[in-house]
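Novice: Provided below for reference: sequence and predicted model.
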Amino acid sequence: MSVGGIFSGVAGAVFQTSPIILTNGIATSLWSGINGVTGNSLPSFVQGGIPLSLFTEALNTVVGGIQQLSGTGVLSQSFANYKPLPGSTLAKYQVGQYPFYNQQIAANASIQEPLTVSMLMYCPATSATSLSGIKLGIMSLVQSTLQNHIQAGGTFTVITPAYVYTGCLLLGMTDVSTEETLQAQWAYQLDFMQPLLDSPTPSALSPIFGLLSSGGTAPNEVVIG
């Protein structure tokens, strides 16, 4: 397989089946358990986040594997696929609707607003999930996982082909199924918002701001390398 084919396969797996990552919240406790088993031997770049697909595909993979062994199913068929919906924002500002003295003042008066992104989750019943209770069990697990994650202060990373939204909050998960098929509840919209945060203080200036905020005296000379 060519390098381009490998990249295309990896990109497809990320963008289509695993674009929503749970961070902090329950992901922290799950990784604590994993590190306890592995002795913290996993590389750092794979630690910290848990893909939502871990919860949607676990039961689906087991049932699909059993069906494949019996010759009645396809193991590689995912329970859920995702795509970003139109309307996501990369930059959003609010400008006052009153007269400004000049153009520079008008530009400085721009107020940044949170970024938003919405993902469409396709989850129609398949040969594996059409069995009694399988889809109900998966979606119930997804609902309880999201609820527990949010209550634990968890955030989300949403990966799209154009941008990676980090530190997002989930605003809602809504059934947006249409009458394209006879199935019900086969498409859900997940709305996320990336809240505005104070810009982190540059590391070289951290000691100064720390002293000032605690009432101390900053040094006379500071070398920023």
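Specialist: Okay, I see it. Residues are numbered from 1 along each chain as shown.

Novice: got phi/psi on the nearest residue to I20 once chain neighbours are set aside?
Specialist: Closest residue to I20 apart from its sequence neighbours, by C-beta to C-beta, 6 or more residues apart in numbering: L52 at 4.3 Å. C-beta here means a position set from N, CA and C on the backbone, and glycine is covered the same way. The phi/psi pair for L52 (degrees, to the nearest 10) reads phi -60, psi -30.

Novice: what's near enough to touch L52?
Specialist: Neighbouring residues of L52 by C-beta atoms under 8 Å, 6 or more residues apart in numbering: 18, 20-22, 142, 145.

Novice: so which of those residues is the most crowded?
Specialist: Of all the contacts of L52, the highest neighbour tally under other C-beta atoms under 10 Å goes to L22, namely 26 neighbours.

Novice: isn't it right next to G153, touching?
Specialist: No: in this structure L22 lies outside contact range of G153 using C-beta atoms under 8 Å: 11.6 Å.

Novice: of the contacts of L52, which belong to helices?
Specialist: Taking DSSP state H, the ones among those that sit in helices are 142, 145.

Novice: where's the dip in pLDDT among the contacts of L52?
Specialist: Ranked by pLDDT, the contacts of L52 bottom out at S18 (88).

Novice: distance check, E113 against Q194.
Specialist: 10 Å (C-beta to C-beta, to the nearest Å).

Novice: can you check P86 too?
Specialist: Relative to Q194, and taking C-beta to C-beta, P86 is found at 17 Å.

Novice: can you name the residues in contact with stretch 92-100?
Specialist: If you take C-beta under 8 Å, 6+ apart as the criterion, stretch 92-100 is touched by 106, 109-116.

Novice: most neighbours, which of those?
Specialist: For the contacts of stretch 92-100, counting by other C-beta under 10 Å, the largest number of neighbours falls to L115: 19 neighbours.

Novice: go ahead and confirm it touches L197.
Specialist: No: using C-beta under 8 Å, L115 is not in contact with L197; the gap is 11.8 Å.

Novice: which pLDDT value belongs to the residue nearest to S177 when sequence neighbours are not counted?
Specialist: Once flanking residues are discounted, S177 sits nearest to A187: 4.7 Å by C-beta to C-beta, 6+ apart. Here, the pLDDT recorded for A187 equals 94.

Novice: what residues sit buried inside the host helix or strand of M139?
Specialist: Element membership of M139, judged by DSSP states H and E, is helix 134-151. By 16 or more other C-beta atoms under 10 Å, the buried positions in helix 134-151 come out as 134-135, 138-139, 142, 145-146, 149-150.

Novice: mind listing what's buried in the one helix or strand Y188 maps to?
Specialist: Using DSSP H and E, Y188 falls within strand 187-194. By neighbour count on 16+ other C-beta under 10 Å, the buried set for strand 187-194 is 187-188, 190-194.

Novice: tell me the contacts of S118?
Specialist: Contacts of S118 by C-beta under 8 Å, 6+ apart are 84-85, 87-88, 189-192.

Novice: apologies, that question was intended for E57.
Specialist: Counted by C-beta under 8 Å, 6+ apart, E57 has contacts 17, 78-80.

Novice: mind doing that once more with 10 Å?
Specialist: If you count contacts by C-beta atoms under 10 Å, 6 or more residues apart in numbering, E57 has them with 17-18, 51, 64, 77-80, 138.

Novice: list the buried ones in the strand ranked longest in the chain?
Specialist: Scanning the chain for the strand with the most residues, using DSSP state E, yields strand 164-175. Buried residues in strand 164-175, counted by 16+ other C-beta under 10 Å: 165, 168, 170, 173.
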